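Enquirer: Generate a structure from the sequence data that follows.
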Amino acid sequence: MAETVAAFDCGSNSTRLLIADASNTTLVRETNITRLSEGVDASGSLLVEAMERTFDVLERYRAACDHAGVTKGLLVATSAVRDARNGSVFLERAHDIVGFEATVLEGDREAAYSYAGATADLGEHSVPTMMVDVGGGSTELAVKLDGNLVSHSMQLGCVRVTERALGRGVVTPSSDAAARAMIEFELDRAFDAAPALGRVVSSVRLVGVAGTVATLAQLDAGQVHYERDVVHHRVLTQGTVRHWRDLLSRETPEVRLTHPGMVHGREDVMPAGLYVLDAVMARFKVGELLSSENDILDGIAISLLQP
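Expert: Purely as a prediction, here's the structure:
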C-alpha cells in the first residue's frame, strides 16, 4: 500500500502541517499562528492558553489527515517546547491528538530536516549553500562542507528577540541597541561553537526559510494573497531586508498590518526577525538570499517516505 505521510511542526510562533503522497506531491500545506512560545522566555513554562491554541489547531490537522488517508506521520516541536519545563506535558497531549510520534528536536536535527527540505529542489552551485531558518525562539544555520552538515542553533528568534529586547511597538534607540547586542552575542557564540562557519564567509549561497523570510518575500512582492510561485525562490537583497526592518520598526503593529503581504499574527514580531536576518547576512557578507517555501516540513516528509 502506498504511503501518505504527514509532517507536523509545532514551532514557537506557528503550527504547521504538510501532507504528501507517495510521490512526495503536496496534498495539504497549512500554517496557523499559535504563538506557543508566549511567555516561555520569562517564565520557563508553556502557558496553558498557548498550549490550548496549538491543540485546537492540531485537532483540525488530525481531521485533515483522516480525510487524506495518512498512514505515517511525525510531529516535531522545536525551541519553545525544548526550553519549557512542562514540554513533556505538551508532547503527551499532542501525541494523543495526532496519533503519531511526537518528539522534541534538538538544534542539529532541526537544522538537518530544514536543510534537506530547503535544498531538495535546488540545483548545484559554485559555492556551498547555507540555510538560515529564523524561527520564533531560535535561528538555525546549516551548511554542507566536504559532505558533512555543519549546523548551529542560536537562541535567537523573532518572538524571543521581541520579548527580550526589541518590544512589540515602535522601536526606540535603546531597544534597537539591546536587540543588536543580543543578536551579535549569539552570532559570536555560533562562530565559537562551529568554527567551520568561518570558512564560508563571503563565499556562500544563502537560502532562507520559515515565517520571517516568507513574509518578507510577500511584502517585497506586494502580495495581498499568498501565491507560492511568487515567493518561492524569490531573490531578496540585503537592501530589501533593511528597508522593511527600518520601515516596520518605525510603525505600530496596527500600521504594519496595512502593508500588502503582512501576515496577521506576525505584525508584532516581524521587525525582530528582520534584525536577525540582516545580522546573519552581514556576518557572512552576502548581499542577497533566496527565499524557499520548502523547509523542515518537506525534510520530514522526505524522511518518512524513505524505505
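Enquirer: got a list of what the nearest residue to Ala77 once chain neighbours are set aside touches?
Expert: Once flanking residues are discounted, Ala77 sits nearest to Cys10: 4.3 Å by Cβ to Cβ, 6 or more residues apart in numbering. (Each C-beta comes from the backbone N, C-alpha and C, glycine too.) For Cys10, the contacting residues are Thr34, Leu36, Thr54, Leu58, Leu75, Val76, Ala77, Thr78, Ala80, Val81, Phe90, Ala94, by Cβ atoms under 8 Å, 6 or more residues apart in numbering.
Enquirer: In contact with the fourth one, which residues?
Expert: So the one you mean is Leu58. Leu58 sits next to Phe8, Cys10, Thr15, Leu75, Ala94, Ile97, Val98 when contact means Cβ under 8 Å, 6+ apart.
Enquirer: Going by distance to Glu124, which of these wins?
Expert: Phe8 (31.6 Å; Cβ to Cβ).
Enquirer: helix/strand/coil for the closest one?
Expert: Here Phe8 is recorded as strand under DSSP: H, G, I helix; E, B strand; the rest coil.
Enquirer: what bridges to it?
Expert: Here Phe8 sits in beta bridges with Leu17, Leu75, going by DSSP bridges.
Enquirer: Verify the stated contact: it with Cys65.
Expert: No. In terms of Cβ atoms under 8 Å, Phe8 does not count as a neighbour of Cys65; the distance is 9.0 Å.
Enquirer: Tell me which of those two has more neighbours.
Expert: Neighbour comparison, Phe8 and Cys65: the larger count goes to Phe8, with 27 against 22 (by other Cβ atoms under 10 Å).
Enquirer: what sits against the more buried one?
Expert: 15-17, 58, 61, 73-76, 94, 98, 100, 102.
Enquirer: out of the residues you listed, who has the most neighbours?
Expert: Neighbour counts for these, by other Cβ under 10 Å, peak at Thr15, which reaches 26 neighbours.
Enquirer: Could I get the full set of strands for the stretch 51-200 of the chain?
Expert: For the stretch 51-200 of the chain, applying DSSP state E, counting those that start in this stretch gives strands covering 72-77, 101-104, 129-134, 139-145, 148-154.
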